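Colleague: task: produce atomic coordinates for the following.
(one chain, ligands or ions: 2)
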Amino acid sequence: MERYIGKGVMRGIAIGRVYLYQKADIQVTDQKISDPAAEKERFLAAVEQAKAQLTRLYGEALANVGEDHAAIFDVHKMLLEDEDYLDAAAGEIDDGYNAVYAVDLAGTQFAEMFAAMDDEYMRGRAADFKDISRRVIRILLDLPEEEIRSEEPVVLVADDLTPSETVKFDKTKILGFVTVKGSANSHTAILARSMNLPALVCVDVPLADELHGKTCVVDGFEGEFLVEPEEEILSEKVVRKNQWIADLEALEKLKGQDNVTKSGKRIDIFANIGNVKDAEEACAADAGGIGLFRSEFLYLGRDTFPSEEEQYTSYKAVLEKMEGKKVVIRTLDIGADKKVDYFGLDPEENPALGYRAIRICLDREEIFITQLRALYRAAAHGKLAIMFPMIISVDEVKRIKQIVEMVKEELTKEGYPVGEAELGIMIETPAAAVISDRLAKEVDFFSIGTNDLTQYTLAVDRQNQKLEGICDTHHEALLRLIEMTVKNAHEAGIWVGICGELGADTELTEWFLKIGVDELSVAASAVLKVRSAVRELP
Ligand code: PEP
Ligand code: MG
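Modeller: Numbers count the residues shown, from 1 in each chain. Ligands and ions are numbered 1, 2, ... in the order given. Below you'll find the predicted structure:
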């Protein structure tokens, strides 16, 4: 047995086989071949195989993440039928080049050609041509697909995972996550929690090919990753797993119960979500509403901006699913670790301190306006609250409110029924916490983003695993900022919640109630755990 220690970012036990997720380094050379006709046949067969993969992926994505995310596979299949693209690659093969080189060249040419177009939709196709070419090249080189290909659910082991990769995975195929890099507050860890899967980060396991397929245990309680454990240890872990499942079942009894302490103090417990499917889990967990819909996840794992119509459909679906319960949708928080090629963002020295979230929205207003239009149209279908991330000044809030008014007027002029929505901001920068007395006069609510507030207050990069040891989420400075924000909110007569991961930290539940936090928004998998903690309090 080999034992590796890491940091548990989602409690629970997973037992299964390792699936080593490695991003292959593809080598392309301009080597000439002697039989172009045979090479062309090989190329066309690879294209057919790629189309078959895409048909399957479309079906799987449709079932797992819905039509919005599935559509891209259909588009890719169509592009693989584009005669000009196929002719371009075949032409290179006729000139004696190997198929991999020919496809790479055609992919680059088409990507460049589309990237130079005026039309935004067409520009978005540039990344698609790169993507389909990569798929065909992987087949030609006999490299495994980047998707998980396994009949049975597996434990995914990787060096690191980006949020874009994680949103693409088929949840039903994964038992747990183990990454060499990563940190507790990274969005990948947050996604693991939203999927309710045991997960470890910072596990120093060598990613050798032999690891693939071995039996392993992910213990999110102990922060342990065991490879090929002895019978006796495996049995102990099975017992622990059964205990964990029994505890989860016991929590089920709390469904339908109030979040109230023994002395009658109440608090709302809402859920954090990233897509429409997650809203089902929030309902299943008996969340009182949605306290944070990270709308930027609608922008990840795809190659073009989601249209107003697509966004409207998603927001409306969540509002309808929640049947009149409050849904707080955060406008997009792209940037930092959430990278999206089609935004065309420049690389930055300090992305967490850079061009992200509301800064992009106030600079590229067309993106913001599309989202606000979708939100206000959806507002007619439920109880919507809109929240803005990464605020640092009163001026930003004033400008946002002007744009909001303009959007509402336009929609009304166009004849859309425009719903009402509370407007709030995230308090996730020390600047916002310090001026929260002034900000509170401008908005209907605050939601404290403790993940970023911790990183900026302590100057500890939330992505850097080396700093896990000094990332003290109970640091006095952070708690003082939270307390001050709550006090300032209440003095201005507005409500205040916590939507960062700290909201689910049951060591602080009593303190949150004491200082008067109105709402805690946590992963759906933590709703009942926090309810249980509240109900245990005097
Ligand atoms: C936060 O910063 O606490 C937060 C909820 O936002 P995110 O984790 O998406 O940055
Ligand atoms: Mg944040």
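Colleague: can you tell if stretch 286-300 touches ligand 1?
Modeller: Yes: Stretch 286-300 lies within reach of ligand 1 by C-beta under 6 Å from any ligand atom, at 292, 294. All C-beta atoms are positioned from the backbone trio N, CA, C, and that covers glycine.
Colleague: could you pull out the strands for the stretch 101-250 of the chain?
Modeller: Ranges of strands within the stretch 101-250 of the chain are 154-158, 174-179, 199-201, 215-219, 224-227, based on DSSP state E, counting those that start in this stretch.
Colleague: what's the closest of those to ligand 1?
Modeller: Of all the strands of the stretch 101-250 of the chain, strand 199-201 sits nearest to ligand 1, with 15.1 Å by C-beta to the nearest ligand atom.
Colleague: counting contacts, what elements does that closest one pack onto?
Modeller: strand 7-10, strand 174-179, helix 187-194 (3 or more C-beta pairs under 8 Å, 6 or more residues apart in numbering; DSSP states H and E).
Colleague: which parts of the longest helix along the chain are buried?
Modeller: For the chain, the longest helix by residue count, based on DSSP state H, is helix 36-65. Across helix 36-65, burial judged by 16 or more other C-beta atoms under 10 Å covers 36, 39-40, 42-43, 46-47, 50-51, 53-54, 57-58, 60-62, 64-65.
Colleague: just the angle between the top strand by length along the chain and strand 154-158, please?
Modeller: As assigned by DSSP state E, the longest strand anywhere in the chain is strand 13-21. With axes from the mean of the first three to the mean of the last three C-alpha atoms, to 10 degrees defining the directions, strand 13-21 sits at 50 degrees from strand 154-158.
Colleague: CA atoms only: put strand 13-21 into CSV for me.
Modeller: Taking Å, rounded to 0.1, in the frame of the first residue of the first chain, the C-alpha atoms of strand 13-21 are listed here in CSV:
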residue,chain,number,x,y,z
ILE,A,13,-14.9,8.4,1.6
ALA,A,14,-14.6,7.2,-1.9
ILE,A,15,-13.3,3.7,-2.8
GLY,A,16,-12.7,2.7,-6.4
ARG,A,17,-10.2,2.6,-9.2
VAL,A,18,-7.8,5.4,-10.1
TYR,A,19,-8.5,7.2,-13.3
LEU,A,20,-5.3,9.2,-14.2
TYR,A,21,-6.4,12.3,-16.0
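Colleague: which parts of the stretch 301-450 of the chain sit against ligand 2?
Modeller: 428, 449 (C-beta under 5 Å from the ion).
Colleague: now the closest residue to ligand 1 within the stretch 301-450 of the chain: how far from Met322?
Modeller: Residue of the stretch 301-450 of the chain nearest ligand 1, by C-beta to the nearest ligand atom: Gly449 (2.9 Å). Between Gly449 and Met322 the computed distance is 21 Å (C-beta to C-beta, to the nearest Å).
Colleague: and if you look at Met387?
Modeller: As judged by C-beta to C-beta, Met387 and Met322 stand 16 Å apart.
Colleague: residues touching the residue of the stretch 1-150 of the chain at minimum distance from ligand 1, list them.
Modeller: Residue nearest to ligand 1 within the stretch 1-150 of the chain (C-beta to the nearest ligand atom): Val9, separated by 13.0 Å. By C-beta atoms under 8 Å, 6 or more residues apart in numbering, the residues touching Val9 are 182, 184, 189, 192-193, 199-201, 220.
Colleague: in the stretch 51-200 of the chain, where is pLDDT below threshold?
Modeller: Where the stretch 51-200 of the chain drops to pLDDT under 70, the residues are 61, 63-66, 68-70, 120-121, 124, 144-146, 163-164, 167.
Colleague: which stretches in it count as helices?
Modeller: Applying DSSP state H, counting those that start in this stretch to the stretch 51-200 of the chain gives helices spanning 67-79, 83-94, 99-115, 120-140, 163-168, 187-194.
Colleague: Asp258: which of those is closest?
Modeller: helix 187-194 (24.1 Å; C-beta to C-beta).
Colleague: return the list of helices and strands in contact with the closest one.
Modeller: Judged by 3+ C-beta pairs under 8 Å, 6+ apart, helix 187-194 is in contact with strand 7-10, helix 163-168, strand 174-179, strand 199-201, strand 268-273, strand 519-523.
Colleague: deepest of those, which one?
Modeller: strand 199-201 (a mean of 30; mean count of other C-beta atoms under 10 Å).
Colleague: parallel or antiparallel, which strands does that strand pair with?
Modeller: Strand 199-201 has the following sheet partners, assigned by DSSP bridges: strand 7-10 (antiparallel), strand 174-179 (parallel).
Colleague: what pLDDT does the closest residue to the residue of the stretch 301-450 of the chain closest to ligand 1 other than its chain neighbours get?
Modeller: Leaving aside its chain neighbours, Gly449 sits nearest to Glu428 (3.1 Å; criterion: C-beta to C-beta, 6 or more residues apart in numbering). Glu428 carries a pLDDT value of 98.
Colleague: what sits against Glu428?
Modeller: Glu428 makes contacts with 389-391, 448-453, 456, 500, as judged by C-beta under 8 Å, 6+ apart.
Colleague: Glu92 contacts Asp104, correct?
Modeller: No: the criterion here is C-beta atoms under 8 Å, and Glu92 misses it with Asp104 at 9.2 Å.
Colleague: quick check: mean pLDDT of stretch 274-282?
Modeller: What stretch 274-282 shows for mean pLDDT is 92.
Colleague: show me which residues of this protein are close to ligand 1?
Modeller: 292, 294, 333, 428, 449-452, 499-500.
Colleague: tell me what the longest helix of the chain is packed against?
Modeller: Checking 3+ C-beta pairs under 8 Å, 6+ apart, helix 36-65 ends up next to helix 67-79, helix 83-94, helix 99-115, helix 120-140.
Colleague: include mean neighbour count and distance to Ala477 when you put the ones you listed into TSV, please.
Modeller: Converted to TSV, those look like this (neighbours: other C-beta atoms under 10 Å; distance: least, C-beta to C-beta, whole Å):
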stretch	mean neighbour count	distance to Ala477
helix 67-79	17	40
helix 83-94	17	56
helix 99-115	21	45
helix 120-140	20	42
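Colleague: reformat those helices as JSON lines; add distance to Lys262.
Modeller: Listed next are the helices and strands packed on helix 36-65 as JSON lines, based on distance: least, C-beta to C-beta, whole Å:
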{"stretch": "helix 67-79", "distance to Lys262": "44"}
{"stretch": "helix 83-94", "distance to Lys262": "67"}
{"stretch": "helix 99-115", "distance to Lys262": "62"}
{"stretch": "helix 120-140", "distance to Lys262": "55"}
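Colleague: wait, which of the ones you listed is closest to ligand 2?
Modeller: With C-beta to the ion as the measure, helix 67-79 is the member of those nearest ligand 2 (22.8 Å).
Colleague: quick check: angle from the closest one to helix 83-94?
Modeller: Going by the same axes, to 10 degrees, helix 67-79 makes 50 degrees with helix 83-94.
Colleague: just checking, what packs against helix 67-79?
Modeller: For helix 67-79, the packing partners by 3+ C-beta pairs under 8 Å, 6+ apart come out as helix 36-65, helix 120-140, helix 308-321.
Colleague: show me which positions of the last one end up buried.
Modeller: This means helix 308-321. Across helix 308-321, burial judged by 16+ other C-beta under 10 Å covers 308, 310-319, 321.
Colleague: now for Thr162, how many residues are close by?
Modeller: 16 (other C-beta atoms under 10 Å).
Colleague: quick one, what contacts it?
Modeller: 188, 337, 339.
Colleague: likewise Tyr312?
Modeller: With contact taken as C-beta under 8 Å, 6+ apart, Tyr312 is in contact with 373-374, 377-378.
Colleague: helix, strand or coil for the residue in the chain that ligand 2 sits nearest to?
Modeller: Taking C-beta to the ion as the measure, the point where the chain comes nearest ligand 2 is Asp452, at 3.6 Å. Per DSSP: H, G, I helix; E, B strand; the rest coil, the local secondary structure of Asp452 is helix.
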